[in-house]
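**Q** the sequence and its predicted three-dimensional model are supplied below.
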Amino acid sequence: MDEAAYRSACRSANPIVCPFEKALVAKRCFCEKAVRHNIAERDVAGCSSAAVAEDCGALLDLLRHNAQFALHLTHVEGGLPHAKEMKVQCGGLLGLQRELDPARADDETVENVFALVREAMERFGDLASLPYGEIVKTVSSFEIRRRSGRR
């Protein structure tokens, strides 16, 4: 399947894109609102709710903005290179989870992104008020799992 056909198939099977798709596909994060599909032997993740995807997208934009310095970037427009995007998505959600529940500080996965975002909004009032200084520390220290057999 060529890339254009793949993208078309993705859009039709997955009309509401999940902002945290990379983290979900990597199985570092899970979400009760996620809708998963396999297209051309690739996993994709979408969202079952446009409103939830909008909230998650706002959080991801704030995570990217606040992590600029930690990622050695001068500005963030659009997507990031894969490794940096994984640090922002996975590290950002893990950092948020640690701030909301210090007992889960050693967890390597987020069980429910939807619940995490809702709890953060309830506790802090809005997404802009989150403790990004602390969350970004987890973004900085997050390491992507290496594929086995590679050095």
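**A** Yep, that arrived.
**Q** for the rest of this, base every contact and every neighbour count on C-alpha atoms.
**A** OK.
**Q** give the buried residues for the longest helix along the chain.
**A** For the chain, the longest helix by residue count, based on DSSP state H, is helix 50-66. Neighbour-count burial for helix 50-66 flags 52-57, 59-66 (criterion: 16 or more other CA atoms under 10 Å).
**Q** lowest-pLDDT helix or strand in this structure?
**A** Sorting the helices and strands of the chain by mean pLDDT, DSSP states H and E puts helix 3-13 at the bottom, at a mean of 64.
**Q** so for stretch 123-142, what's the average pLDDT?
**A** Average pLDDT, stretch 123-142: 96.
**Q** what's Lys87 sitting at in phi/psi?
**A** Note on Lys87: backbone dihedrals following degrees, to the nearest 10 are phi -60, psi -40.
**Q** same question but for Asp43, I mixed them up
**A** The phi/psi pair for Asp43 (degrees, to the nearest 10) is phi -90, psi 140.
**Q** do the same with Ala34
**A** phi -70, psi 140.
**Q** okay, the buried residues of helix 50-66 in CSV with distance to Val139 and pLDDT next?
**A** Formatted as CSV, the buried residues of helix 50-66 follow (distance: CA to CA, whole Å; pLDDT from 0 to 100):
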residue, distance to Val139, pLDDT
Val52, 22, 97
Ala53, 21, 96
Glu54, 21, 97
Asp55, 20, 97
Cys56, 17, 97
Gly57, 17, 96
Leu59, 14, 98
Leu60, 12, 96
Asp61, 14, 93
Leu62, 13, 95
Leu63, 9, 95
Arg64, 10, 92
His65, 12, 91
Asn66, 10, 92
